[in-house]
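Student: Can you look at this prediction? I've put the sequence above it.
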Amino acid sequence: MSNQVLMLALAAYGSTYNPDFANQCDVVIPLNSNWCGVFVGSLLAKLGYELPPKPQVARSYLKIGGPVDEPAIGDIVVFWRVAPTDWRGHVSIYIREDKNGIYCLGGNQKGKVQILKYSKEKLLGYRRI
């Protein structure tokens, strides 16, 4: 499954927000809102996987699949944004990590689908579908 998600995400590399992301998740998100969750949700929906209850909310991805301690390329990775206990977060696709951070491919990463590095200190968890 991880390779399928990765290939779909790579096919969208460089894209900006597309309303089809939310449509494929069967949700509506406000204009100019964060769209990382609906991007990941659209990938899962295209592959026929069940989505979390609120795919537009990044932290909801902590409720699907199974937790993993040692992620593989293509796994889902969830971070906190404002505070570890706040409802807001970021969800993306794991690529690799080094001592300085975790490299992820996702949507709404500086306004488009691309690979960015995130702090390990903000990691909430890895999930494998």
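Tutor: Structure received.

Student: how much space is there between the residue located most distally from the centre of the chain and S92?
Tutor: Note on the chain: the largest C-alpha distance from the chain mean falls to K99, namely 21.3 Å (Cα atoms, centre = their mean). Separation of K99 from S92 (Cβ to Cβ, to the nearest Å) stands at 19 Å. Yep, even glycine has a C-beta here, placed from its N, CA and C like the rest.

Student: For this protein, which segments are assigned as strands?
Tutor: 66-68, 76-80, 89-98, 101-109, 112-118, 123-128 (DSSP state E).

Student: for those, which one sits closest to L31?
Tutor: Among the strands of the chain, strand 101-109 comes nearest to L31, with 13.4 Å by Cβ to Cβ.

Student: Which neighbours in the sheet does that closest one have, and how are they oriented?
Tutor: If you go by DSSP bridges, strand 101-109 pairs up with strand 89-98 (antiparallel), strand 112-118 (antiparallel).

Student: residues making contact with it?
Tutor: Strand 101-109 has contacts (Cβ atoms under 8 Å, 6 or more residues apart in numbering) with 6, 9-10, 12-13, 15, 17, 21, 34-36, 38-40, 77, 90-97, 113-120, 123.
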